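>>> I would like to see how this sequence folds:
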Amino acid sequence: MILHIDGTEVPVTWEENESVQALRALAPLTIEMSMYGGFEQVGSIGSSLPRNDRQTTTAPGDLVLYGGDQLVVFYGTNQWAYTRLGHVDLTKAELTALLSAHDVTITVEEAP
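Residues are numbered from 1 along each chain as shown. As a prediction, this is how the structure comes out:
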């Protein structure tokens, strides 16, 4: 799958789990994200995905499922129970530049 943040394609290493498979089935998908807590962007997927939540300490770039229906992209760290979806393979500085200034739009689509 391909992930865009405000139209910029970003490299992602996707997990191999049923949540990612369910997300793939929804593609193409556009998610309006909102800044939260000064360390993440959160947005509603619009439907529930399978969950396998585990207590996690996130790192910048982590892409997770929260509550079964929220996509979260971290540019900082947090501790909570999430289902891992993948990791955006950018530096913390690059992620902060993309995610910390304003709400963003994320699109998920199938690779050609």
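
>>> please enumerate the helices of this structure.
Using DSSP state H, the helices of the chain run over 18-26, 92-99.

>>> state the mean pLDDT of the first one.
Per-residue pLDDT values across helix 18-26 average out to 97.

>>> how much distance is there from it to the middle of the chain?
13 Å (Cα atoms, centre = their mean, to the nearest Å).

>>> now do it: which elements does it pack against?
If you count contacts as 3 or more Cβ pairs under 8 Å, 6 or more residues apart in numbering; DSSP states H and E, helix 18-26 packs onto strand 79-88. In this view, the C-beta of every residue, glycine as well, is placed from N, C-alpha and C.

>>> contacts for the strand it packs on next, please.
Defining contact as Cβ atoms under 8 Å, 6 or more residues apart in numbering, one finds that strand 79-88 is touched by 3, 10-15, 17, 19-20, 23, 49-58, 61-66, 68, 71-73, 95.
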